[in-house]
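Undergrad: Attaching a predicted model along with its sequence, questions to come.
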Amino acid sequence: MKSAIAIGFDYRPSRWLLAAIIVMAALALVAIALSGAPAWAKAGICVAAGAWSAIALARFWRPPVARAAWQAGGHWRVAAADGREFTAELVRGVVRGAWIVLNLRRSDGRHLALILGPDNGDADTRRRLRVRIASAIELHT
């Protein structure tokens, strides 16, 4: 795949996915409130679920990756939010409808999952990523 061009993009969280996470957290709190558990247990579980949801949302909204580029040679170049750069390899790429999930392993061994929704990338970059993922899968099978 040496003739392929590099694909680079700034990474930011999908607002659609953020909205889905908030809705699911709210539904969890409603389910707890409507359960038959005693009021003291409901309150404790709601506090724990709310805190867990807030932590997860904060981590989601501040991703560790600022920019990613799939180089022509097949490796990834990932710029962390703190400015450091790493090389990475694609462990798995999944395309489901308008969503693309890239699982990468950085050179330091850490794993990254980049979730690209229809609202956090331009159509041309997403199209090129889908084609390149399909080509990469064909090469490994």
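TA: Received the coordinates, thanks. Numbers count the residues shown, from 1 in each chain.
Undergrad: Just the residues contacting the biggest helix by length in the chain, thanks.
TA: Ranked by residue count, the top helix of the chain under DSSP state H comes out as helix 39-61. Residues outside helix 39-61 that contact it (Cβ atoms under 8 Å, 6 or more residues apart in numbering) are 13, 17-18, 21-22, 25, 28-29, 32-33, 35, 37. Where you see a C-beta, it was placed from the backbone N, CA and C, and this is true even at glycine.
Undergrad: now Phe86, nearest residue through space, not along the chain?
TA: Distances taken as Cβ to Cβ, 6 or more residues apart in numbering place Arg106 nearest to Phe86, at 4.4 Å, with adjacent residues excluded.
Undergrad: Give the bridge partners for that neighbour, please.
TA: Note on Arg106: beta-bridge partners by DSSP bridges are Ala88.
Undergrad: and it, what does it touch?
TA: Contacts for Arg106 (Cβ under 8 Å, 6+ apart) come out as 78, 86-88, 112.
Undergrad: Widest-spaced pair of these?
TA: Maximum pairwise distance among these (Cβ to Cβ): 12.1 Å, between Thr87 and Leu112.
Undergrad: what sits in contact with each of the two?
TA: With Cβ under 8 Å, 6+ apart as the test, Thr87 and Leu112 both reach 78, 106.
Undergrad: These two: which has the busier surroundings?
TA: Under the criterion of other Cβ atoms under 10 Å, the comparison of Thr87 against Leu112 puts Leu112 first, with 20 against 14.
Undergrad: Go through the helix or strand that contains the more buried one and flag the buried ones.
TA: Element membership for Leu112, per DSSP states H and E: strand 111-116. Neighbour counts over strand 111-116 (16 or more other Cβ atoms under 10 Å) mark 112, 114-116 as buried.
Undergrad: Stretch 49-56 too?
TA: Ser53.
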